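Q: output the structure for:
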Amino acid sequence: MSNTYQIYLISDSTGETLDRVFLAIKAQFKNIKYDVKSYFFTRTENQVSKIMDEAKKNDNAIILYTIVDTSLAKFLANKGDEKKIPCFSVLGNLIMNFSKLLNQKASHVPSGQHALNEEYYERIEAIQFTMAHDDGNLVEDVDKADLILLGVSRTSKTPTSIYLANKGYKTLNIPLVNEQSIPDSLKKNPKLSCVVGLTTEPQRLVDIRKNRMNALKEKVNTNYTNINKIEKEINEAKKHLPNINGQQLMLLENQ
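A: Numbers count the residues shown, from 1 in each chain. Okay, the predicted model is just below:
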């Protein structure tokens, strides 16, 4: 018998949830070999039967599935019993238990989480806003932002902004060069939005900036990676960050 487990991931949608669940499971069991085959948008009994026939040919086959159509899920489970292949529903029991708890019948619609609802369009709007207001662009729109990020160069302002935008927050980020970098409207009315200062350890910033310059094949701007200059830059930024018109700001350090 082979020491490699044949994992079959069967989903009636994109398989994103299933991929993440299996990744979490795999992390719990070290020194185990897996051969993974993914079958997404599986929505008919004929598709399931073909996959089960294929799985039966392999030793150590295990099936994980996310199928919200109850009749199709039952068909797959029965086929698994028939062919003696371990089958595990990732969402089935969870949906059923929630249905009982909430006293509401589940919709059982595949890809329901990707529906083009109001939340989806709000998230797209947040992403568009954030991209347009990256790296100090259109700072006059601070009153339209849900979150404002301040920090010196390479403190992960843009990646953090994009992450927040994907969560539905309109985010504006501003590079801190000096005190004049902070818009006057924000100084006068710091409660316009949630304002967060980003900082990091000087040596970490040196490494990040050197990698950035290497990627751009630039070797001229030595001040950009000079540890003494960076320490001064961070200290100056911290002086500007703690208070704007008496308003205490949140200060986060990137690890």
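Q: quick one, strands of the stretch 101-250 of the chain?
A: 147-151, 171-175, 194-199, 243-244, 247-248, 250-253 (DSSP state E, counting those that start in this stretch).
Q: the ones you listed: lowest mean pLDDT?
A: Sorting those by mean pLDDT places strand 247-248 lowest, at a mean of 44.
Q: residues in contact with the most centrally placed residue in the chain?
A: By CA atoms, centre = their mean, the mean C-alpha position of the chain lies nearest to residue 163, the distance being 6.4 Å. Contacts for residue 163 (CB atoms under 8 Å, 6 or more residues apart in numbering) come out as none. (Glycine included, C-beta is placed from N, CA and C.)
Q: where does pLDDT dip in the stretch 51-200 of the chain?
A: Filtered on pLDDT under 70, the stretch 51-200 of the chain yields the residue ranges 92, 95-96, 106-117, 190-192.
Q: which residue ranges of it form helices?
A: 70-83, 92-102, 118-132, 157-166, 184-188 (DSSP state H, counting those that start in this stretch).
Q: determine which stretch of those is the most buried.
A: helix 157-166 (a mean of 18; mean count of other CB atoms under 10 Å).
Q: just the CA atoms of it, as CSV, please.
A: Extracted in CSV, the C-alpha atoms of helix 157-166 (Å, rounded to 0.1, in the frame of the first residue of the first chain):
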residue,chain,number,x,y,z
LYS,A,157,1.0,51.3,4.5
THR,A,158,-0.2,50.1,1.0
PRO,A,159,-0.5,46.4,1.8
THR,A,160,-2.4,47.2,5.0
SER,A,161,-4.6,49.6,3.1
ILE,A,162,-5.5,47.0,0.5
TYR,A,163,-6.2,44.4,3.2
LEU,A,164,-8.6,46.8,4.9
ALA,A,165,-10.2,47.8,1.6
ASN,A,166,-11.0,44.1,1.0
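Q: so that helix versus strand 194-199, what angle?
A: Relative orientation of helix 157-166 versus strand 194-199 (axes from the mean of the first three to the mean of the last three CA atoms, to 10 degrees): 150 degrees.
Q: pop the domain breakdown of the protein in here.
A: As recorded under automatic domain parsing, the domains making up the chain are 4-114, 118-253.
Q: export the helices of the stretch 51-200 of the chain as TSV, with columns for distance to residue 227.
A: Shown next, in TSV, are the helices of the stretch 51-200 of the chain (distance: least, CB to CB, whole Å):
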stretch	distance to residue 227
helix 70-83	59
helix 92-102	51
helix 118-132	32
helix 157-166	21
helix 184-188	30
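Q: between these, which gets nearest to residue 234?
A: Proximity to residue 234 (CB to CB) singles out helix 157-166 among the helices of the stretch 51-200 of the chain, at 14.1 Å.
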